[in-house]
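1. 3D, please:
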Amino acid sequence: MNGDVWGMVSALIAAATFLPLLFSQPCQRLVAKLLRYIARTVFPSRARCEALMWKDVWEGPLHTCQPIYCSHWITPHSRKKECWRFVTDSLFTGTRSHQNHRKYVEKPEALDFFGGTYLYVDIKLLVALILFSVGPHKSISWRQGAHSYDDDFCLDVRTVGQDLLGAHFLGQFKQERLQYTKKEITALMDGYPPWYREQVVCSHGPTIPYPIHSTADITRGGWVVGVGLSDSNRKPMALYIVPNTADWQDDGGYFERTNGMHIRTAVRRVYDALVILQTEYIQNSRDLDNVIAAVHYMIQTGTGSGVERKLPGRTVPGGAITQLDAEQCKFAMKLFDGTVWMDADIQTLRPILAPVLQAAFDGCYEVVQYLKDTGMRFILPHSLGGDWSRKVYLRDCVVDGS
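-> Numbering: from 1, shown residues only. Predicted coordinates for the structure are as follows:
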């Protein structure tokens, strides 16, 4: 930029400082608009903000690793201009890699024109960033307003002007979240259990569709059995979202072991199915009796600790799930989605009863232990007021000043 333009800019800044003192308030507003118009003409890039809404994120995997050098290897967040770009570009590699697909909105007057940069996002996009940044562990800091999760992320929200929200996001997404798809994250936001993936990858190899197809399936028992079948390396999200429930509505108590009521309902459905099998279809099965006693114990106590007194070694004799092929795994999950079965279902179940019972027990055990040791309810940071319809301007470290 040549000296004449810089001279004009200096004159504009001086005018913005002193001229308003000479005019009435209506004149001040008129002069401010004129100066802003001239500034937008001289610096068009500063007159707009980049925008990224969840609906604009591409379908399929959110992150695709590059063969030689991948952006997720970048060192953690550092104080710099456009620091939000480090987070979004390293996560949404497909969406963010095409410049011609980027969108922009006009920068509101309340935002600093000559300061740092902003990314205009919706709440779902912000929630996705949080979910990807949180590790598979419990956090005490999460309970203090939901603005941080230990050292995994920190969100500083401030009101700009009368009603705009500006936020600085400090975090880096976790390696174990690389393979998530947009569909999976959207489902988790809708309240699907924190284990949800499009496919159940069984610990012994088979890969089968997840048994949840709508929110009506969340409280059914099939997915709990799916947890029992799953590879233990696929850790659930540490935060779960309660479906169709406002943040201020009760979800049970964490320390009372009544949290995650919709998740516990699914465990109860597994128990109900086991009892009906015992009373109506398969009598005199010691394995079934022991599993029922073990699951009942976990429901009553909210823990898997000590359950060995009901099911020695937490093992059903002869119940190795490696005996189940893909179709039998699908059958086991479907069986516990209901409590009314045909004779053909029982005939299919009898020769594989032990591994099916093992999967049912293992799933209940993992879910109960998760709610006791790890799982915490996701709520919006308090400064967002529980409003999922809000839009937020992510500010960079230059604006943040921290």
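2. measure residue 373 to residue 285 for me?
-> To residue 285, residue 373 is 31 Å away according to Cβ to Cβ, to the nearest Å. Glycine gets a C-beta too; all of them are placed from N, C-alpha and C.
3. repeat that for residue 347.
-> Taking Cβ to Cβ, one finds residue 347 at 15 Å from residue 285.
4. out of these two, name the residue with the larger neighbour count.
-> Ranked by neighbour count (other Cβ atoms under 10 Å), residue 347 and residue 285 place residue 285 first, with 17 against 9.
5. how much space separates that one from residue 225?
-> Distance, residue 285 to residue 225, by Cβ to Cβ: 18 Å.
6. who's in contact with the nearest residue to residue 80 once chain neighbours are set aside?
-> Leaving out its chain neighbours, the residue that sits closest to residue 80 by Cβ to Cβ, 6 or more residues apart in numbering is residue 397, at 5.8 Å. Residues near residue 397 by Cβ atoms under 8 Å, 6 or more residues apart in numbering: 79-81, 83, 116, 168.
7. recalculate using a threshold of 10 Å.
-> 77-84, 116, 168, 170 (Cβ atoms under 10 Å, 6 or more residues apart in numbering).
8. what does residue 183 give?
-> 59-62, 196-198.
9. check contacts around residue 312.
-> Applying Cβ under 10 Å, 6+ apart, the residues contacting residue 312 are 290, 294.
10. which pLDDT value belongs to it?
-> Residue 312 carries a pLDDT value of 97.
11. looks like residue 254 contacts residue 240 (just checking).
-> No. Residue 254 lies out of contact with residue 240 (Cβ atoms under 10 Å); the separation is 11.7 Å.
12. what touches both of these two?
-> In contact with both residue 254 and residue 240: 260, 371, 375-377, using Cβ under 10 Å, 6+ apart.
13. from those, which land in helices?
-> Among those, the residues falling in helices (DSSP state H) are residue 371.
14. where along the stretch 151-300 of the chain do the strands fall?
-> Listed in chain order, the strands of the stretch 151-300 of the chain (DSSP state E, counting those that start in this stretch) span 153-160, 164-171, 199-201, 207-209, 239-240.
15. with the stretch 1-150 of the chain instead?
-> With DSSP E, counting those that start in this stretch as the criterion, the stretch 1-150 of the chain has strands spanning 48-52, 103-106, 118-122.
16. ok and the last one relative to strand 153-160, angle-wise?
-> Same thing as strand 118-122. Here the directions of strand 118-122 and strand 153-160 differ by 100 degrees (axes from the mean of the first three to the mean of the last three Cα atoms, to 10 degrees).
17. from the contact counts, what lies against strand 118-122?
-> Here strand 118-122 touches strand 48-52, helix 83-91, strand 103-106, helix 123-133, strand 164-171, strand 391-395, going by 3 or more Cβ pairs under 10 Å, 6 or more residues apart in numbering; DSSP states H and E.
18. if we go to 6 Å?
-> Helices and strands touching strand 118-122, by 3 or more Cβ pairs under 6 Å, 6 or more residues apart in numbering; DSSP states H and E, are strand 48-52, strand 391-395.
19. tell me which of those sits most buried.
-> Each of the helices and strands packed on strand 118-122 was scored by mean neighbour count; the highest is strand 391-395, a mean of 23, by mean count of other Cβ atoms under 10 Å.
20. residues contacting that strand, please?
-> Residues outside strand 391-395 that contact it (Cβ atoms under 6 Å, 6 or more residues apart in numbering): 84, 118-122, 126, 165-169.
21. state the distance from the nearest residue to residue 180 once chain neighbours are set aside to residue 385.
-> Nearest-residue entry for residue 180: residue 62, 5.8 Å, with adjacent residues in sequence omitted and distances by Cβ to Cβ, 6+ apart. The gap separating residue 62 from residue 385 is 27 Å, by Cβ to Cβ.
22. got CSV for the contacts of strand 391-395, with pLDDT too?
-> CSV is the format used below for those (pLDDT from 0 to 100):
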residue, pLDDT
84, 82
118, 89
119, 92
120, 94
121, 95
122, 94
126, 93
165, 88
166, 88
167, 88
168, 87
169, 88
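23. most widely separated two among those?
-> Maximum pairwise distance among these (Cβ to Cβ): 17.1 Å, between 122 and 168.
24. give the burial count for the nearest residue to residue 142 once chain neighbours are set aside, as a bare number.
-> Nearest residue to residue 142, sequence neighbours excluded (Cβ to Cβ, 6+ apart): residue 149, at 5.1 Å. Residue 149 has 23 neighbours, counted by other Cβ under 10 Å.
25. same question for residue 300.
-> Neighbour count for residue 300, taken as other Cβ under 10 Å: 8.
26. and it, what does it touch?
-> Contacts of residue 300 (Cβ under 6 Å, 6+ apart): none.
27. any regions of the protein where pLDDT drops low?
-> For the chain, the stretches with pLDDT under 70 are 1-46, 66-78, 96-100, 112-115, 143-144, 399-402.
28. the residue nearest to the spatial centre of it and residue 377: what is the separation?
-> What sits nearest the mean C-alpha location of the chain, by Cα atoms, centre = their mean, is residue 131, with 3.6 Å. Going from residue 131 to residue 377 by Cβ to Cβ gives 13 Å.
29. returning to that earlier point: among the contacts of residue 397, name the buried ones.
-> The neighbour-count test (16 or more other Cβ atoms under 10 Å) marks 77, 82-84, 116, 168, 170 as buried among the contacts of residue 397.
30. domain map for this structure?
-> As assigned by automatic domain parsing, the chain contains the domains 48-190+386-402, 195-374.
31. who has more neighbours, residue 62 and residue 385?
-> residue 62 (24 against 11).
32. how near is the more buried one to residue 172?
-> As judged by Cβ to Cβ, residue 62 and residue 172 stand 15 Å apart.
33. over to residue 362?
-> Counting by Cβ to Cβ, the gap from residue 362 to residue 172 is 33 Å.
34. these two: which is more packed in?
-> Higher neighbour count among residue 362 and residue 172: residue 362, with 23 against 18, using other Cβ under 10 Å.
35. go ahead and confirm that one touches residue 228.
-> Yes. Look at residue 362 against residue 228 with Cβ atoms under 6 Å: they come within range, at 3.5 Å.
36. next up, the contacts around residue 189.
-> Contacts of residue 189 (Cβ under 6 Å, 6+ apart): residue 241.
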